[in-house]
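Colleague: Requesting a structural model of the entry that follows:
(chains A, B and C)
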Amino acid sequence: MEDTLFKILDYGVYGTAVLVILIGLYGALVKRSLLKIVIGLSIIDSGINLLLVAIGYLKGGTAPIFSPGYLDNPKIMVDPIPQALVLTAIVIGFGVTAVALALVIRLYRHHGTLHIDEIRNLKW
Amino acid sequence: METIFLIFILFLGGAIVTWMAGKLGNIVQDILFLATILVPSYLFYTNVATGYAIDFNVGGIELSWGINAFGWLFSLIVLGLGAFAAFYAVSFMKGKERRGAFYLNFILSIMAMLGILMSQDLISFFIFWEIMTWSSYIMVVYNGNDVQRIGIKYFVFSAIGAYAMLMAIVLIKSMTGSFMIESLISSYTSFSYDMQILIPVLLLTGFGVKAAIMPLHVWAPGAYSNAPMAYTSIFSGSLSKMGIYGMVIVFTTMLSYVPEGVWFRGVVAWLGGFTAVFGTLWAIKQDDAKKLLAYSSVAQLGYIIVGVAIGTPLAMMAGLFLAVMHAIFKGTLFMVVGAIERQTGTSNFTEVTGLIRKMPWTFVAALMSIIALAGIPPLGGFVGKWMLYESLITSDHYLLVIVIFFSSTAAFLYCYKFLFGFFLGQEEEEWAHVKEAPALMVVPMVILAGLTFLLGTYPGIILKPIANGMQTLGYGMTQGQLWDTSIILNEWGNQVVLQPILYAILGIFVFFVIFVTIKGYKNTRYVTTKDISSSGEVPLAHENLTFSQGFFQPFLRAVEPAMRRQIDKYYTAIANGLESLFDFTRRIYTGNGQTYAIFVIVFVVILLIFKNSIFG
Amino acid sequence: MVGTPVLFVAIPLLAAFLIPLFGMIWKESVRVIPGIVLAYLLVLAINLMNYVMVNGPIVEVIAGWAPPLGINLVFSAFSGFLVTLMVFLGLIVWMYSYRFKRNVDFEPAKKYFLLLMMLITGSVGMVLTGDIFNLFVFIEITSISAYALTAFYTGRDSAEASFKYLMLGSLASAFLLIAIMIIYSQLGTLNMADIGSKMHLMKPAYKIMAIIFLFTALGIEAEIFPLNGWAPDAYAEAPGPVGAAFAGIVVKAAIYASIRIIYTLFDLSGAYDLLIVIGMITLIVAETAAIRQEKLKRMLAYSSIGQMGLVMVAFGMGTEEGVFAALFLMFNHAIIKSLLFLSGSYLVYNSKDKLIKEVNGIGKFLPITSFLFVLGSFAIVGLPPFAGFWSKLSVLTAAADSNMLLIIALVLIVSIIEVVYYMRVVNRIYFFKKDESVSTQRPTLNALIAMITLGAIVLIVGFYPDAVTGFLHRASADLMDKAGYINDVLTLN
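Modeller: Numbers count the residues shown, from 1 in each chain, chains lettered A, B, ... in the order given. A predicted model of the protein is given here:
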């Protein structure tokens, strides 16, 4: 396991993406402000999107379009599927963030605070 | 259509129609109720032959309904007592609310009990068992008194029993591949040793709860006394016998074939003995007639359990005979209490006294049943107890005889208290207006009381079905051989040998009673409790001077050490402890969203750390 | 065949967009359209189900690309059964909430039914899809509409519940994406059947990583302990019918997805043991938490979580009997828990805190609703002759056949706890004195019809379980037949 993990970290992009995810996690799990939690969640999303794009990346590859000169050689194109996935994921992430912010506004109106420890009417 | 299906459809349809019929008027509802009990009973006795069974399939499970001679014997308790109690109930429920629900659950209980007797497979047995449980549960909480304690206690114990049984059932299914009782019996000896022990333990727990055996009896006093009395008479009379029915089957068909059976028999018999002793002691202590009878039921079931657990032919015969007798006299006694409660508004001895002139027929019924309960000749209870003693002595259970004898003697105390408290003693002005209960209530009581006399003289009427049933269970004895096992029965088994002497005694007794009554009638002056003066002190109006107040104090002081440790308290402590624990576990849900998110991350991390041991 | 599986996704999605448009023309249409759509889908589902029972699964290819390249929908006995159940419950929920509380006004009703259609689109899509990324998309559609529906009522703590749901839901989608990424990077495919057939090529370390992330992500949606912090709050704060939709539709879809992944995609036997352990813990924790609840809906929520735990345990046995039992449980739970949520929300209709003690003595004032609630309580604790008994029996039988004595004992002990808290409520409804300050609300006719329908099913299945067992046996055989699933999808031209 360890060696595979290090292998992943060998690739700079992968390492950066994982770092971004961890930063997002930190924001979502440790910060007490609702807004910061929302920001953390969307940073996680960005990190994952970065990771996804990185998978499909091919060193020296071209855009996955059958343009003149590349017609007969799909092997040197980057994988288009992760890019399509990322586009979808970005849209979904945007939607979730919008809903989250709307909820934050309502919570602020209801409780008068953004501190998550104060917002615990529902428990046990 | 198969008559067996027709019977159950009539029960079920009748129950629902009766329940809904409240708007059509009370009379219609009453008639529907009685018809729903009586018509299927009639069909059962005329059209269903013993030994006949039909097989069918529900949800891929083979089911089989039919009746054998042993089930037929118990059907007498269920449908016979059920019919009497139904007539009584019609009058008892007059003017009460929620009659529809009462009738519905009454019919469902009767149907479920008949279903238990007719089930030839474990699944329908369990289904009917559970219908019986929840319909009786609704009756227990029916009055709305203390339902969260008494009701839940009853249901929890029932559920413990039922789920123990269910566990046994699914284990049996996985071992034999079938839910049929027959296949269980035939393959039981080939089970592994663990299963040979575990299956009977689970089944006996299930049956023991309904039969109120120690230490599973704690639900019984509350439940019996809390249900409406019209229902309690079948609750204590018939419903508890379903536990006995199951126990008998376990003992005779499974435990007879394995050497460990002896241990089971010993343990259960002793538990039955203790149940009898402690039930009796607690009954003596009660001031409420309902509670007294409830504890007395527990004690009497103890005798029956002793009989069926010992399991020699005579002991089994005694146990089953006592079961029938208990159904009759305890059914009657609960009806008596119901009648008194209905007429006076209370069932407490220390409040009601001197009803003998107000409710003479009720008194007659109570007197006969009490004599039968106490086991005094010539009524039925005597025959049963005699056979029980004889069987215990002939099978060398001398210690157990002493225990039973002690409890049986002590039972005289509460019998006396019951009779004296309500009917004898001074007449209070408060109860001057009390009238005899309606005829519809009195007649079933008196007929049932008469039955105790009939069976005391001609026990053969019920002993023959018992003998047939025992032959079905595998006792390879003819009726003649069975009668020979007891010295009390004559060679045809239908009469009691001591009978001439008994009648002589009875004649003298009756003559004496009549003589004393006529002699003393003229110069009798009826007094109230306050009509006394002691050392010049005049009792105050609010002082309770009823004779029943503080009955048997010296005796209770003597046995107090034995009664100090109530098993009930331990159960309550356990239940409270568990609830506090559960209150603690729910605090896992702290209400903080971030904590929940941390749970998620921790969960993932744990899985990642232990991934090799999990996914290998 | 009178329709294709793609209609199950397309029509409600279309309806969701059309609702506001038609609402401008005719206000009542925002209420009517969902009903028509769901009724049509139910007829369609039953037709397709009949077809599938005879002719085997329908595999629908979208946009002309054959699998494994294109996206496909699979309507088999297993997924079809769940789709039928979901659409039916959707119809019941629609009927119940036709004019429920704030739905009487136009604006809230428009939003409510729009979101409900989205919810059904997403859930049905989760069950039908044969593509793992598509699964992610449908989960997100379901989740977002579920967040919004949870926060539907302003003025109480619904936003708080919704926010918790959203936090965990975001984590779930993050894990899901990572897992999809791992699988894609290893196998180069997103088609479930293709993944299933190539799974043996994947390196064990990656395989385990992928299943852990997938299991966590779907476990959050399927309310498995300890991932279910959102569930009690969301159930309690969402409108009553939405609680029923969560229990009957959303969670069922999530369970389907996790089971499909464990049974069809992966070949790790350890996952089954994990299901049993986690399911058992979920069952115990949830039921013990339920017994001390003071709020009715919260109690129902915990009970719901516990039942899901039991479903997991049954799936974890890995035998066809176990799968049958689990499906039977899912069916019964969907029907009975919906009935409890629907009737329960009328029992505490006007109450602010929805406390259990406010149902005291309400049996006299709401006779039918109370009766149905009691019927549901009896059924869910598994008392015969009601529906719940047969599923509990089949779970225990399956466990006994797999020699799991401890599981049987634990399940039964937990059942006793369940009996206690349900019976306490039943006692309160009928045998307590009513508090004068509690005002009752009679259910509307449409709500009554919806509840009675569910009650009738509880009784019918209780007396005649053969009504569903045939479908369930086919469905469980279908799930167990991994090779058949892969073959059906991949041999398509």
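Colleague: Near chain A, which residues of the stretch 451-600 of chain B are found?
Modeller: For the stretch 451-600 of chain B, the residues in contact with chain A (Cβ under 8 Å from any Cβ of the partner chain) are B:R586, B:R587, B:Y589, B:T590, B:G591, B:N592, B:G593, B:Q594, B:A597, B:I598. Just so you know, the C-beta spots here come from the backbone N, C-alpha and C atoms, and that holds for glycine as well.
Colleague: Spit out the contact partners of the second one.
Modeller: For B:R587, the contacting residues are A:W124, by Cβ atoms under 8 Å, 6 or more residues apart in numbering or on different chains.
Colleague: measure whichever residue of the stretch 101-250 of chain C sits closest to chain B to C:G125 for me?
Modeller: Nearest residue of the stretch 101-250 of chain C to chain B: C:G229, at 2.7 Å (Cβ to the nearest Cβ). Going from C:G229 to C:G125 by Cβ to Cβ, to the nearest Å gives 26 Å.
Colleague: between these two, who's got more neighbours?
Modeller: More crowded of C:G229 and C:G125, by other Cβ atoms under 10 Å in any protein chain shown: C:G229, with 29 against 25.
Colleague: shaky segments in chain B?
Modeller: Residues of chain B that meet the criterion pLDDT under 70 lie in B:1, B:490-501, B:520-539, B:541-548, B:616.
Colleague: Can you pull the domain assignment for it?
Modeller: Structurally, chain B divides into domains by automatic domain parsing as follows: B:259-521, B:566-615.
Colleague: Find the residue closest to the residue nearest the centre of chain A in space, skipping its chain neighbours.
Modeller: Centroid-nearest residue in chain A: A:D45, 1.9 Å away (criterion: Cα atoms, centre = their mean). Distances taken as Cβ to Cβ, 6 or more residues apart in numbering or on different chains place A:G93 nearest to A:D45, at 4.0 Å, with adjacent residues excluded.
Colleague: Can you give me every residue that contacts that neighbour?
Modeller: Shown in contact with A:G93 (Cβ under 8 Å, 6+ apart): A:S42, A:D45, A:S46, A:N49.
Colleague: How much space separates it from A:S46?
Modeller: 8 Å.
Colleague: contacting residues around B:K385?
Modeller: B:Y303, B:A318, B:L322, B:G375, B:S408.
Colleague: One more: B:A294?
Modeller: Contacts of B:A294 (Cβ under 8 Å, 6+ apart): B:A220, B:P221, B:G222, B:A223, B:Y224, B:S225, B:T232, B:S236.
Colleague: gap between the second one and B:K153?
Modeller: Meaning B:P221. In terms of Cβ to Cβ, B:P221 sits 10 Å off from B:K153.
Colleague: residues contacting B:A15?
Modeller: B:T36, B:Y103, B:L104, B:I107, B:L108, B:M111.
Colleague: what about the first one, how many residues close to it?
Modeller: Burial measure for B:T36: 26 neighbouring residues, criterion other Cβ under 10 Å.
Colleague: Also the fourth one?
Modeller: Number of residues near B:I107 (other Cβ under 10 Å) recorded here: 27.
Colleague: Next: the third one.
Modeller: Close neighbours of B:L104, defined as other Cβ under 10 Å, add up to 22.
Colleague: Could you pull out the strands in chain C for me?
Modeller: Using DSSP state E, the strands assigned to chain C run over residues C:58-62, C:71-75.
Colleague: which residues does B:M118 contact?
Modeller: With Cβ under 8 Å, 6+ apart as the criterion, the residues that contact B:M118 are B:I4, B:W65, B:G66, B:I67, B:G71.
Colleague: Same question for C:L149.
Modeller: So C:L149 contacts C:Y112, C:L115, C:L116, C:L119, C:A238, C:P239, C:V242, C:A245 (Cβ under 8 Å, 6+ apart).
Colleague: Can you tell me the closest non-neighbouring residue to the fourth one?
Modeller: Okay, so that is C:L119. C:S145 (4.4 Å).
Colleague: That neighbour: what's it in contact with?
Modeller: Taking Cβ under 8 Å, 6+ apart, one finds C:L115, C:L116, C:M118, C:L119, C:G122 in contact with C:S145.
Colleague: Tell me how far it lies from C:M118.
Modeller: For C:S145, the distance to C:M118 (Cβ to Cβ) stands at 4 Å.
Colleague: Now B:I4: closest residue in space that isn't a chain neighbour?
Modeller: Per Cβ to Cβ, 6+ apart, closest to B:I4 is B:W65, 5.2 Å.
Colleague: How about stretch C:457-468, which residues are buried there?
Modeller: Buried residues in stretch C:457-468, counting neighbours by 16 or more other Cβ atoms under 10 Å in any protein chain shown, are found at C:I457, C:V458, C:V461, C:G462, C:P465, C:V468.
Colleague: May I see the residues you listed arranged in CSV, with distance to chain A and pLDDT as well?
Modeller: Formatted as CSV, those follow (distance: Cβ to the nearest Cβ, whole Å; pLDDT from 0 to 100):
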residue, distance to chain A, pLDDT
C:I457, 32, 93
C:V458, 30, 92
C:V461, 34, 91
C:G462, 34, 89
C:P465, 37, 88
C:V468, 36, 87
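Colleague: nearest to chain B, of the residues you listed?
Modeller: C:P465 (3.4 Å).
Colleague: That closest one and B:I123 touch, don't they?
Modeller: No: using Cβ atoms under 8 Å, C:P465 is not in contact with B:I123, being 11.1 Å away.
Colleague: So which residues of chain A form helices?
Modeller: Under the criterion DSSP state H, helices of chain A are mapped to A:2-10, A:12-30, A:34-56, A:80-111.
Colleague: Can you report how many residues lie near C:W65?
Modeller: Neighbour number of C:W65 under other Cβ under 10 Å is 11.
Colleague: Tell me which residues touch it, please.
Modeller: C:W65 neighbours (Cβ under 8 Å, 6+ apart): C:I71.
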